[in-house]
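# Build me a model:
(chains A, B, C and D)
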Protein chains: 2
Amino acid sequence: MSSDDKSVVTRLRKLISDGGYQPGERIGEVRVAEQLGVSRTPVRLAFRTLEQEGLLQRANKRGFVVREFSQEDVLCAVEVRGALEGLAARRLAERGLGPGVREQLEGCIARGAALLGKGYLEEGDIARWSTLNETFHRAIVEGTGSRVIDDAIQRNNHLPFASADSIVIDSAALDREYQKLYLAHQQHQLVFQALQRGEGARAEMLMREHAYIGLRYGELFGLDPDAETGAE
Amino acid sequence: MSSDDKSVVTRLRKLISDGGYQPGERIGEVRVAEQLGVSRTPVRLAFRTLEQEGLLQRANKRGFVVREFSQEDVLCAVEVRGALEGLAARRLAERGLGPGVREQLEGCIARGAALLGKGYLEEGDIARWSTLNETFHRAIVEGTGSRVIDDAIQRNNHLPFASADSIVIDSAALDREYQKLYLAHQQHQLVFQALQRGEGARAEMLMREHAYIGLRYGELFGLDPDAETGAE
DNA sequence: GGCCTGTACTTTGGATCCAATAACAGCTAT
DNA sequence: ATAGCTGTTATTGGATCCAAAGTACAGGCC
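Purely as a prediction, here's the structure:
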């Protein structure tokens, strides 16, 4: 189950989000099994997982359809992440961050400063930011030491547009993206400061606001708000 | 899948939470299949669902074990619910509650007032409170109109101690429970007032605090805090 | 005597087979 | 001509079979 089956779930998730199946489209077991080169059994297992994740939903009486998400859904998923990561940040601030977490967060901020210090973005910087941003968020969530909170966030992140590293969408306009990343970096610093000082409420609100960064902040830089959903 | 298989998931969930399998215990496919009188296939599918719900977790290299939850986990699950229901309440207050939702909430409060107005609890009141409380919470969550938020809350509620109606634990001491329910009723009224007035931040904080009602409020009434986890 | 290795058994995961059911189409009757 | 019924087909869900991987036990070697 571990190796091969997990790969089926992953590949099916990728197959769907890459547009192999359109939102609202009915998805059948046999066709997917043929496409992935496996039997129907692991596909059925994977359908179950993806149903729980929210990517699939049961059809009228039989089978599954690919779930379709509205702009509103995207916004809500980001708000859910903000609420949960805010909760994690508050708990972390109140209970104090251990040396390991502090070190990780400091490392992320240092890497962010190095990345953005030169005043512009170059090829590969976006990937580098993505990993450091991922590390930063995971450090906070794992720092709470609660699998329940972690799981809740992970489940929400299964929605393809909800996770923390779906910020950058236009890698062609690096100058515009630079401003967003710089703001995100500043927010990271503020969150870290609040965490260090044990300012729970402030850490929570900062983390919550930080979730919006990939969503509506484009308006601040004169972008078209409709193009700033962060989806895909 | 719909009818029979859903029953397998439900029955297995019940089998686990009724103590048929101890937390931390390894759970095998064949034994469960025999106990439920079905083949291994639906059991495997059910394992998948319950893994996503968080009731099972993968064993070291093979199979599943029943997840065990600490007191800390219970607290975290309640805080997660508070954060998410708080988010729902804020959105509802900001966007305004429609006549349907308002009516439902008013109905719940009226029923609560009738239930608690006589000053004491009698047999059956606890079940009545449970349904009205469930209706109240669901009205707020569904009132947001967002399946994403709804799903996130539902997924958290799959943990047996996390849902909103795991308040009352000691049905033998009805006088003590009365005070808790009365406080809960007052909180419902405050939440409703904030929702009506469009006071988003206040509605959120009230809803969030309200989540704790079954957890630590026992201390206020001189109960043993350890007995007030709300589990089961 | 303890540790390592090999073999056998247990259990899971994948594939295939069979039954049940829902969708679809064609036919008939009003 | 249309609506309802019936038969056929396609697709899902359950059971069983087979292979692979893990674990435990035992025997041998150091």
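# in chain A, which spans are strands?
Here chain A has its strands, by DSSP state E, at A:26-27, A:56-58, A:64-66.
# Could you provide the ones you listed in CSV, with additional columns for mean neighbour count, distance to DNA strand C and mean pLDDT?
(Glycine included, C-beta is placed from N, CA and C.) Rendered in CSV, the data for the strands of chain A read as follows (neighbours: other C-beta atoms under 10 Å in any protein chain shown; distance: least, C-beta to the nearest atom of the strand, whole Å; pLDDT from 0 to 100):
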stretch, mean neighbour count, distance to DNA strand C, mean pLDDT
strand A:26-27, 18, 9, 91
strand A:56-58, 17, 11, 91
strand A:64-66, 19, 12, 93
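# Turn the ones you listed into a markdown table, columns for distance to DNA strand D.
Rendered in a markdown table, the data for the strands of chain A read as follows (distance: least, C-beta to the nearest atom of the strand, whole Å):
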| stretch | distance to DNA strand D |
| --- | --- |
| strand A:26-27 | 7 |
| strand A:56-58 | 8 |
| strand A:64-66 | 7 |
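# Would you mind giving the ones you listed as a markdown table with distance to chain B added?
Putting the strands of chain A into a markdown table (distance: least, C-beta to the nearest C-beta, whole Å) gives the following:
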| stretch | distance to chain B |
| --- | --- |
| strand A:26-27 | 14 |
| strand A:56-58 | 7 |
| strand A:64-66 | 9 |
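# Make CSV from those strands and add distance to B:V9 to it.
Formatted as CSV, the entries for the strands of chain A read as follows, by distance: least, C-beta to C-beta, whole Å:
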stretch, distance to B:V9
strand A:26-27, 21
strand A:56-58, 13
strand A:64-66, 16
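# which residues of chain A score low on pLDDT?
A:1-6, A:167-172, A:216-232 (pLDDT under 70).
# Up against DNA strand D, what does it have?
Remark: the part of chain A in contact with DNA strand D comprises A:G28, A:E29, A:V30, A:R40, A:T41, A:R44, A:R62, A:G63, using C-beta under 7 Å from any atom of the strand.
# Next one: A:S17 from A:Y212, what distance?
Taken as C-beta to C-beta, to the nearest Å, the spacing of A:S17 relative to A:Y212 amounts to 22 Å.
# before we move on, what about A:L159?
Plainly put, A:L159 is 16 Å away from A:Y212 if you go by C-beta to C-beta.
# quick one, which of those two is more surrounded?
Neighbours were tallied for A:L159 and for A:Y212 using other C-beta atoms under 10 Å in any protein chain shown; the higher tally belongs to A:L159 (26 against 16).
# wouldn't that one be in contact with A:F69 here?
Yes. Applying C-beta atoms under 8 Å, one finds A:L159 in contact with A:F69, separated by 7.3 Å.
# Now for those two: what residues contact both?
A:A77, B:V148 (C-beta atoms under 8 Å, 6 or more residues apart in numbering or on different chains).
# Need the nearest residue in space to A:D150, chain neighbours excluded.
The spatial neighbour of A:D150 that comes closest, neighbours along the chain excluded (C-beta to C-beta, 6 or more residues apart in numbering or on different chains), is A:V141 at 5.4 Å.
# Next, see if stretch A:154-161 gets close to chain B.
Yes. Under the criterion of C-beta under 8 Å from any C-beta of the partner chain, chain B is reached by stretch A:154-161 at A:R155, A:N156, A:L159.
# what does stretch A:98-118 give?
No. With C-beta under 8 Å from any C-beta as the threshold, stretch A:98-118 lies outside contact range of chain B, at a closest distance of 15.9 Å.
# which residues are in contact with that stretch?
Stretch A:98-118 is contacted by residues A:92, A:97, A:125, A:128-129, A:132-133, A:135-136, A:139-140, A:142-143, A:178, A:181-182, A:185, A:188-189, A:192, A:195-196 when judged by C-beta under 8 Å, 6+ apart.
# Would you mind listing which of the residues you listed are buried?
Listed as buried from the contacts of stretch A:98-118 are A:92, A:97, A:125, A:129, A:132-133, A:136, A:139-140, A:142-143, A:178, A:181-182, A:185, A:188-189, A:192, A:195; burial here means 16 or more other C-beta atoms under 10 Å in any protein chain shown.
# what residues does stretch A:62-73 touch?
Stretch A:62-73 has contacts (C-beta under 8 Å, 6+ apart) with A:16, A:21-29, A:47, A:51, A:54-59, A:77, A:159, A:161, A:229, A:231, B:2, B:146-148.
# closest to A:R202 among the residues of chain A next to DNA strand D?
Nearest to A:R202 among the residues of chain A next to DNA strand D, counting by C-beta to C-beta, is A:R44 at 47.5 Å.
# and the most far-flung residue of chain A relative to its centre, how far is that from B:S146?
The outermost residue of chain A, judged by C-alpha distance from the chain's mean C-alpha position using C-alpha atoms, centre = their mean, is A:K61 at 32.2 Å. Relative to B:S146, A:K61 is positioned 26 Å away (C-beta to C-beta).
# next one: A:Q52
In this structure, A:Q52 and B:S146 are separated by 18 Å, where distance is defined by C-beta to C-beta.
# A:T41: neighbour count?
Other residues near A:T41 number 15, with proximity taken as other C-beta under 10 Å.
# Kindly report the same for A:A89.
Applying other C-beta under 10 Å, we find 29 other residues in the vicinity of A:A89.
# what does A:L75 give?
Per other C-beta under 10 Å, the neighbour tally for A:L75 reads 19.
# beta partners of A:I27?
Taking DSSP bridges, one finds A:F64 as the beta-bridge partners of A:I27.
# mind listing what it touches?
A:I16, A:Y21, A:F47, A:L56, A:G63, A:F64, A:V65, A:V66.
# Find the nearest non-adjacent residue to the closest residue to chain B within chain A, please.
Of all residues in chain A, A:Q52 sits closest to chain B, with a separation of 3.6 Å (C-beta to the nearest C-beta). Nearest residue to A:Q52, sequence neighbours excluded (C-beta to C-beta, 6+ apart): B:Q52, at 3.6 Å.
# just A:G28 next, same as before
A:G63 (6.5 Å).
# Ok, A:L181 next?
A:W129 (5.7 Å).
# Please tell me I have it right and that neighbour contacts A:Y178.
No. Distance between A:W129 and A:Y178: 10.1 Å, which falls outside the contact criterion (C-beta under 8 Å).
# what about stretch A:12-22, start to end distance?
13 Å (C-alpha to C-alpha, to the nearest Å).
# Mind listing what's buried along that stretch?
Counting neighbours by 16+ other C-beta under 10 Å, the buried set in stretch A:12-22 is A:L12, A:R13, A:I16, A:Y21.
# Most widely separated two among these?
Farthest-apart pair in the buried residues of stretch A:12-22 is A:R13 and A:Y21; separation 11.0 Å (C-beta to C-beta).
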